[in-house]
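S.K.: Below is the sequence, then the predicted model.
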Amino acid sequence: MLSLKKIIIFFTIENPNIGYVTLSILLLTSSAALVGTFTFLKKKSLIGDAIAHAVLPGICFAFMLTGTKHTFFLLLGAAFTGFLSLICIDAIITHSKIKEDTAIAIVLSVFFGVGTLLLTHIQHAGNPEQTGLNNFLLGKAAALLEQDVWTFGIISFLIVITIIFFFKPLFIIAFDRSFAQSIGMSITFFDFLLTLLLVLAITVGIQAVGVVLMAAMLITPAAAARFWTYKIKKMIVLSVIFSITAGLLGTTISYLYPAMPTGPWIVLVVSCIALLSFIFAPNKGIIAKKMKRDRFKKKIIVENTLKIFYHLGEKDKNFFNKRTLDHHFTQKVSPSQLKYAIQYLQRIKCIQKNITPSSSKAIDWFLTEKGKAMAVQVVRRHRLWELYLSTYLNIPSDHVHDEAESIEHILTEDMEKKLMQLLKNPTKDPHQSQIP
Amino acid sequence: MLETFWILLTGILVSTNCCLIGVYLLLRRMAMMGDAISHAILPGIVIAFLITGSRDPITIILGAGVLGIVTPMIIHFFHRQIKLHLDASIGINFTWLFALGIVLISCFTKKIDLDQDCVLYGEIAYIPLDLWILGTINMGPKAIYVLLFTLLLNVFFVVRYYRTLYITSFDPSFGKAIGIHTTLWSNVLMCLLSLTTVTAFESVGAILVVALLVVPAATAYLLTNRLHCMMIIAIFFGIVSTFGGYYLAFYTNGSISGAMATVSGILFFGVFLTNVLKKKLFLRHKFLSKNIKKNL
């Protein structure tokens, strides 16, 4: 019950300090998500990880030089080493045979190593000001103060304004670099701009999430948002919403249990959001994709069954003859699939059961008018495609069947009409069968 | 004095292990995968702790090993099935696993003899405190034996299956063509990597393992084109970083693992710089001699 009270206090912002913390979290997470979307689209996600680790020595240097924990100086130091790390990565890639991922790993670990050395050095030196410096490792949102809100507010505002102002070029470069180059955009300038924003977003973000897990705040919301939409503006809005949600929830938890660092909780929440998106998102989610695949598979089975009815009818010159499900069917469709297809076709009234069964125990089925029309459509598409392949692509007529077998389920009405026009309303396919 | 000896020996064993595996990581372009695994084994270690309630190295290695093998599988699943870019997939997965580990540690602080600092940068200086006492004889720190065992295993695989690993690292499709099970070998390497990482974990923490895995290997990569030379040079640099790191930490009164990473970084930077300068001078020399020939 105590915790419930605490939650209420947290959300009603009775304590002004909580208000500052909440506001800062909103600013930090949203600016990280904003910039992260672009780096995600540029497929440069792990650079953010390297910068995030590399800001640690900067923070320690700034502290050692100034002797205070003033946010502004620490951020200045952080931004400096963050930039330095990028320059190092670039230099290693261009001046040696070492590839990008190794260069990132080298810079990340060495900078972080220097950072730890300095941090432990400061801790052991016994300056009383240093307590709380290790909050930068895993984040401690509760430690944010009023003066921090102003610093973050200004930086986040700058980031948002810059992105809105340069939205078009950044967007074009993220999607199609060579096109941007060909229309005369200054790629170097915008790359530099994005890097600058990235460094800024990371330096402010580490207060809440910490250097170790900062990468998640750049990558995960963007990746989650990518699953819900194809539009970049919607994607940015969504990723900001996701990261703000995670930021607030994570901070709440860490507020309720003060021993907890904020960063891991924020990251866990945002990862859960991402996982749910991967599974449940419409169109691109795992479930949606599987359903789509299943639907198509079923369509193929049903159409193939109809085709068998048609072929048998063609042989007997009567499409409405009664059929038992004999070897003609089981040769092409497996029994369980056949059972499904028959049930489905009966339900949509394409075939009907023979009401007075013949002497044998097997049940008879026959096509209805509707069923015949559907079967005709499939067979027509199949034979049109065969004819198209043999006339226009000069494929020998004994090779075209398999191709047509798979494309008959994909062709649409429009394409069918186009094919009819192109082939001048043909009547015979390459095997001299009638095109219905 | 004896303490210094144990610390240095631990450092040497850790860096030798890391260099042997690191060379392959670098050649297979899996450096960031190594980074991801070193972070992701944390929840495995914590869960093994919670279940067995002991610091017994074998259970911890098992717990971490499971995660070490599962993590690349999850990353590849995200990459292939969900069609995320490999970078993004690595970034998403190691962060949530590491976050889970930290959260578990903070939830069960009382039950677990592990703290956040130890996870982040390890404490090699405490290694000599955890001694293995057989009867009344002091056999030295326990960690040494675990590390020695890992080293033996690593050396066994690297020497005995040198050619197989060589082929699968440089030309996997050729390896497949001559009938080598490439996925199996990639998994073997992942197992060795997680074993190496988890045994190094206590001494250098989750993040600085990467420094020892990648940096000496990369330094050696700049100096030679041969695999076995690369390994030997990498191990040499690893050992130099251990000694340098120990004394740097001694003088700055900082963490030994951080100092080791710093020294290995300095060594890399030195070699890198000489390489660049050499290239520049060489090019100039070539250019000059060409010009002289032209003028003649």
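M.R.: That came in fine, so what should we check first?
S.K.: Around chain A, which positions in the stretch 101-250 of chain B sit nearby?
M.R.: B:102-103, B:106, B:109, B:116-117, B:120-121, B:207-208, B:210-211, B:213-215, B:218, B:221-222, B:248-249 (Cβ under 8 Å from any Cβ of the partner chain). For glycine as for every other residue, the C-beta is placed from the backbone atoms N, C-alpha and C.
S.K.: Chain B contacts on the stretch 201-350 of chain A?
M.R.: Residues of the stretch 201-350 of chain A lying near chain B (Cβ under 8 Å from any Cβ): A:212-213, A:215-216, A:218-220, A:222-223, A:257, A:259-261, A:263-265, A:267-268, A:271, A:274, A:278, A:286.
S.K.: In PDB, list the C-alpha atoms belonging to whichever strand or helix holds residue B:146.
M.R.: In the assignment (DSSP states H and E), residue B:146 maps to helix B:142-160. Extracted C-alpha coordinates of helix B:142-160, given in PDB (Å, rounded to 0.1, in the frame of the first residue of the first chain):
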ATOM      1  CA  LYS B 142      40.900 -20.900  -7.500                       C
ATOM      2  CA  ALA B 143      40.500 -18.600 -10.500                       C
ATOM      3  CA  ILE B 144      43.900 -19.600 -11.700                       C
ATOM      4  CA  TYR B 145      42.900 -23.200 -12.200                       C
ATOM      5  CA  VAL B 146      39.700 -22.300 -14.000                       C
ATOM      6  CA  LEU B 147      41.700 -20.000 -16.300                       C
ATOM      7  CA  LEU B 148      44.300 -22.700 -16.900                       C
ATOM      8  CA  PHE B 149      41.700 -25.200 -17.800                       C
ATOM      9  CA  THR B 150      40.100 -22.700 -20.300                       C
ATOM     10  CA  LEU B 151      43.600 -22.000 -21.700                       C
ATOM     11  CA  LEU B 152      44.200 -25.700 -22.200                       C
ATOM     12  CA  LEU B 153      40.900 -26.100 -24.000                       C
ATOM     13  CA  ASN B 154      41.500 -23.000 -26.200                       C
ATOM     14  CA  VAL B 155      45.000 -24.100 -27.100                       C
ATOM     15  CA  PHE B 156      43.800 -27.600 -27.800                       C
ATOM     16  CA  PHE B 157      41.200 -26.400 -30.300                       C
ATOM     17  CA  VAL B 158      43.400 -23.800 -31.800                       C
ATOM     18  CA  VAL B 159      46.300 -26.200 -32.400                       C
ATOM     19  CA  ARG B 160      44.500 -29.400 -33.100                       C
END
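S.K.: Can you name the residue of chain A nearest chain B?
M.R.: Here chain A gets closest to chain B at one residue, residue A:113, 2.3 Å apart by Cβ to the nearest Cβ.
S.K.: what residues are up against that residue?
M.R.: Neighbour list for residue A:113: B:208, B:211, B:257-262, B:264-265 [criterion: Cβ atoms under 8 Å, 6 or more residues apart in numbering or on different chains].
S.K.: Ignoring the adjacent residues along the chain, who's closest to it?
M.R.: Leaving aside its chain neighbours, residue A:113 sits nearest to residue B:261 (2.3 Å; criterion: Cβ to Cβ, 6 or more residues apart in numbering or on different chains).
S.K.: A helix includes that neighbour, no?
M.R.: Yes - counting by DSSP: H, G, I helix; E, B strand; the rest coil, residue B:261 is found in a helix.
S.K.: so it makes contact with residue B:245?
M.R.: Yes - applying Cβ atoms under 8 Å, one finds residue B:261 in contact with residue B:245, separated by 7.5 Å.
S.K.: any weak-confidence spans in the chain?
M.R.: Let's take chain A. Under the criterion pLDDT under 70, the flagged ranges of chain A are A:1-16, A:355-362.
S.K.: The intended chain is chain B.
M.R.: In chain B, residues with pLDDT under 70: B:55, B:110-114, B:296.
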